[in-house]
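*Asks:* sequence? don't have it. structure:
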C-alpha cells in the first residue's frame, strides 16, 4: 500500500512538473517570438534609415556678384584748363586805357610824357584786378576737381558696401540652409536612435525572459526525473531514447539496455533500464503520450551508469 501511495504521489508530482515545464516552454517561445519581432523591427528601421545628407551640396560660388568698379573712377584733374579770361580782360582794359589817355591828351594839349604816365597808372590798376580774378578762377577749378574726387570716392565706397552686403547675405543664406539640413538630419537621427535603443532594450529583455523560462523548464524537467527516478525510473519509452544497446538479461528474462535520452532535460548521461514495450504492462504507466515504468514491479534496476 505504501508503494502504491508513493507511486501515485510521484505520478501527481510528475504531472505537475510536466505542466510547469510545458508552461515555461510556452513562455520561452512567447518571449523568443517577442525578441525576434523586436529584431525584425530594428532591421526594418535600419534598412529604411535616412541617407546622410551633404549640407553643403547646394553651395554656390558667389564671386560672380563682385563687379569691377574701376569704370566709376576718373581723374578729375585731367581736364583742368588755364584761366585765360583774366589775361584777355587785362589786354582789353589796357587798350581802352591807352585810347582814353590819347583822347585826353589831345583835348587838353598835354605833353606825351604825361599821357604815358597816365596810361601806365591805369594799366597797373587793371593788372591787380586781373590777377585777383585769375586766382579765383584757378581756385574754383581746384575746388571743383576736389569735390568731384570726393564724390567719386563716395560713390565707389557705397557701391563696394552694397556689393559686400549682397555677397555676405548670399553666403549667410547658404550657411543657414546647410545648418538647417544638418539640424533636420540630426533631429531625425536622434529620434531613430532612441527608437532603436528602446527596441534593443525590449529585445534584450525578451531574450533574458526566454532564457529564464528555458532555465525554469529545465529545472522542471530535472524535478520530474529526480522525482521519478527513485520509484518509476523515469521515462522508459523507446521513442525518447537513443544509442540503445543491449547489455544483459534479468533473472526473469527481461532485457536490460544502456541508453541516452534524446532530450537532455530528461537526463544527461548514460542510463541502465528497460524498454517499456518489452515488459509486463502492469509495470507500465502511460503519461502524456509516453510510458513511465514502475521498476518496483520488475527485477531490473534503473540507474545512471555513466
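*Replies:* The structure has been received and is ready for your questions. For clarity, every value in this text was computed on a predicted model and none was experimentally measured. Numbers count the residues shown, from 1 in each chain.
*Asks:* what's the weakest-modelled helix or strand in the protein?
*Replies:* One helix or strand of the chain scores below all others by mean pLDDT, DSSP states H and E: helix 85-108, with a mean of 65.
*Asks:* next structured bit after it?
*Replies:* The element immediately downstream of helix 85-108 (helix or strand, assigned by DSSP states H and E) is helix 112-229.
*Asks:* gap between that following helix and the chain center?
*Replies:* 25 Å (CA atoms, centre = their mean, to the nearest Å).
*Asks:* that one packs against which elements?
*Replies:* helix 2-47, helix 85-108 (3 or more CB pairs under 8 Å, 6 or more residues apart in numbering; DSSP states H and E). Every residue, glycine included, has its C-beta placed from N, CA and C.
*Asks:* tell me the mean pLDDT for that helix?
*Replies:* Mean pLDDT, taken over the full extent of helix 112-229, equals 79.
*Asks:* again, but for stretch 299-306
*Replies:* Regarding stretch 299-306, the rounded mean pLDDT is 93.
*Asks:* can you give me the buried ones in it?
*Replies:* Buried residues in stretch 299-306, counted by 16 or more other CB atoms under 10 Å: 300, 302.
*Asks:* so what strands line up beside the longest strand seen in the chain?
*Replies:* What stands out as the longest strand in the chain, according to DSSP state E, is strand 241-249. Paired neighbours of strand 241-249 in the sheet (DSSP bridges): strand 255-261 (antiparallel).
*Asks:* of all the residues in the strand it pairs with, which ones are buried?
*Replies:* Under 16+ other CB under 10 Å, the buried positions of strand 255-261 are 256-261.
*Asks:* which one of the residues you listed is nearest to residue 178?
*Replies:* Of all those, residue 178 sits closest to residue 261, with 67.4 Å by CB to CB.
*Asks:* in contact with that closest one, which residues?
*Replies:* Contacts for residue 261 (CB atoms under 8 Å, 6 or more residues apart in numbering) come out as 235, 240-242, 267-268, 271.
*Asks:* ok, residue 65 - how many residues close by?
*Replies:* If you count neighbours by other CB atoms under 10 Å, residue 65 ends up with 13.
*Asks:* distance of it from residue 57?
*Replies:* Per CB to CB, to the nearest Å, residue 65 is found 20 Å from residue 57.
*Asks:* then residue 169?
*Replies:* Distance from residue 169 to residue 57, counting by CB to CB: 20 Å.
*Asks:* swap in residue 288?
*Replies:* Distance from residue 288 to residue 57, by CB to CB: 67 Å.
*Asks:* sorry, back to before: and the buried residues of strand 255-261, which is closest to residue 280?
*Replies:* residue 256 (15.1 Å).
*Asks:* contacting residues for the nearest residue to residue 56 once chain neighbours are set aside?
*Replies:* Excluding the flanking residues, the one nearest residue 56 by CB to CB, 6 or more residues apart in numbering is residue 178, at 5.3 Å. Neighbour list for residue 178: 55-56, 58-59 [criterion: CB under 8 Å, 6+ apart].
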